[in-house]
Each structure stands twice: as structure tokens, then as C-alpha cells.
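K.L.:
sequence unavailable; structure follows:
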């Protein structure tokens, strides 16, 4: 006579789910390929560019944080690490030192440019005419670091750069990241020629002049993207391009505000 465990009849039978092909685990747990991850990242950025260009205030800031988190999730899904994003804990101190030095350099260059009559007009911008000191502080300390620097650096020098570099190396990563970074600035540059008096005198206020100004902005920001990628490579940290990016934008606002 066989012995039976008295609890056998009460134990529920747990069956592991099977897919159509038979494996017990769902396919969503499998790592995403590098190029599908790049394509997904670009798709997210296209949608984000439209939203961030349209939304303002707190909604825009929340959207920027969400987009940054989604992109890091894509990198993680593709098997990436914090090091691939330039955020490895061991490199943060080095990146912070790079960032501090770069911010000091930008501050010095902007100060000289604002004091010299020949270059002072380059900082003039009609968008600052009605701005208050409080609005300037919010823009410099909140909007620029969260709504611009955080999302753009994680997207272009973090996720895109890390994904492509892992598959094709530094040159490909820099090229792809920088070209897309330039295209990202098409929408923000649509009214650039009319907002800055120095550019209005060069490009005029016609549609052709505006198109040329946008093309110039795309090329300029793509070239800046190459510099940011090189800082990312040399420092091995995303904090270095983040510091330079914030300084260029934030100090530009400060100087433009003071020269109204």
C-alpha cells in the first residue's frame, strides 16, 4: 500500500504559462536588440519634441522627466547599464569636476563677450524684454536644467550614444547622436531670426531667411553635439556635457536679461 501525503489533495496545481512556441516565459522579458532600441528611442524623441515644444510650465517639466525615465527604461530593456548612459557611480566625481571647470570657462567667455562692444549685440534678444527677475531665476534654475538639459543629455549623450557606441563604436555613436541632436532643434529655431536683432540683420524677416537661420541652427547644434559627445567620452560621465549644456543656456539667459 502506497503512502500519501495528507496535504496532496489540498495543494493547488500551478501551471506555468506557455506561449505558442512552448517556452514558459513571455517574450517581453527578452532583451531588446540594439537597433530596435535605437528606433524606439527616436520614435519617443519625435513625440517628445512635439510635446515639449507645445507644453509650457509645470506640465512641460513633468513631461521632460517622464521622457528621460522612459528613455533610460529603453536602454535597460536593451541590456544597457548605468555606464552605457554615462551615469556609473564611479565616474560621477570625475564628471562633476569636468562640469565645474566648463561652467567657469563659459562664464568667463560670456563676461568678456558682454563687455566688448563688438560682441555685445550677439546676446541681445527680444524675448527678454518683458521678463522679470523671478522669471529669470525659474528659467535658469528649473526650466533649463530639467526641461532642457536633463532630457536632452539623457537622450542624446546618454541613451542614443550608449546604444550605438556599444554596437558600432565611438565614431558612429557621435555621428548618430549629433545629427539627431541638430534635428531636435528645428522647432525651437523657427523664430530665431526674428527674435535676435543680430540675426535679423543677417537673415531678414522673410520665409527664406528664416529657413536659412533654422538650417544654420541645426548645423551649429549638431557641431555642439559633437563637442558634447567628446566630453562624454573623455570624462566617461554624462555630468560633463550636462554642465557645459546648462552653462551655455543659463548664462546666455542671464547676460541677455542684463543687456535688455
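P.N.:
Cool, the structure landed. If you're wondering where the values come from, they're calculated on a predicted model, not measured in any experiment.
K.L.:
tell me where the stretch 1-150 of the chain has helices.
P.N.:
Taking DSSP state H, counting those that start in this stretch to define them, one finds helices in the stretch 1-150 of the chain at 34-54, 57-77, 92-115, 117-120, 133-138.
K.L.:
pick out the shakiest of the ones you listed, pLDDT-wise.
P.N.:
The stretch with the lowest mean pLDDT among those is helix 117-120, at a mean of 89.
K.L.:
contacts for that one?
P.N.:
Applying CB atoms under 8 Å, 6 or more residues apart in numbering, the contact partners of helix 117-120 are 112, 113, 114, 259. Backbone N, C-alpha and C define where each C-beta goes, glycine included.
K.L.:
PyMOL command for the buried members of these?
P.N.:
Command for PyMOL that selects the buried part of the contacts of helix 117-120, burial taken from 16 or more other CB atoms under 10 Å:
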select buried, resi 114
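K.L.:
now tabulate the contacts of helix 117-120 in TSV and tack on distance to residue 184.
P.N.:
Below are these laid out as TSV (distance: CB to CB, whole Å):
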residue	distance to residue 184
112	29
113	25
114	28
259	27
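K.L.:
ok, back up a step: just put the helices of the stretch 1-150 of the chain in TSV and tack on distance to residue 145.
P.N.:
Converted to TSV, these look like this (distance: least, CB to CB, whole Å):
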stretch	distance to residue 145
helix 34-54	14
helix 57-77	10
helix 92-115	12
helix 117-120	26
helix 133-138	11
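K.L.:
what's stretch 241-249 in contact with?
P.N.:
With CB under 8 Å, 6+ apart as the test, stretch 241-249 has contacts from 95-96, 98-100, 102-103, 106-107, 144-145, 148-150, 152-153, 157, 224, 227-229, 231-232.
K.L.:
for residue 236, which non-adjacent residue is spatially closest?
P.N.:
The shortest distance from residue 236 to any non-neighbouring residue, by CB to CB, 6 or more residues apart in numbering, is to residue 91 (4.7 Å).
K.L.:
swap in residue 250?
P.N.:
residue 140 (4.4 Å).
K.L.:
shouldn't that neighbour be in contact with residue 253?
P.N.:
Yes: between residue 140 and residue 253 a contact is recorded at 5.7 Å, counting by CB atoms under 8 Å.
K.L.:
higher neighbour count, those two?
P.N.:
More neighbours surround residue 253 than the other of residue 140 and residue 253, with 21 against 18 (other CB atoms under 10 Å).
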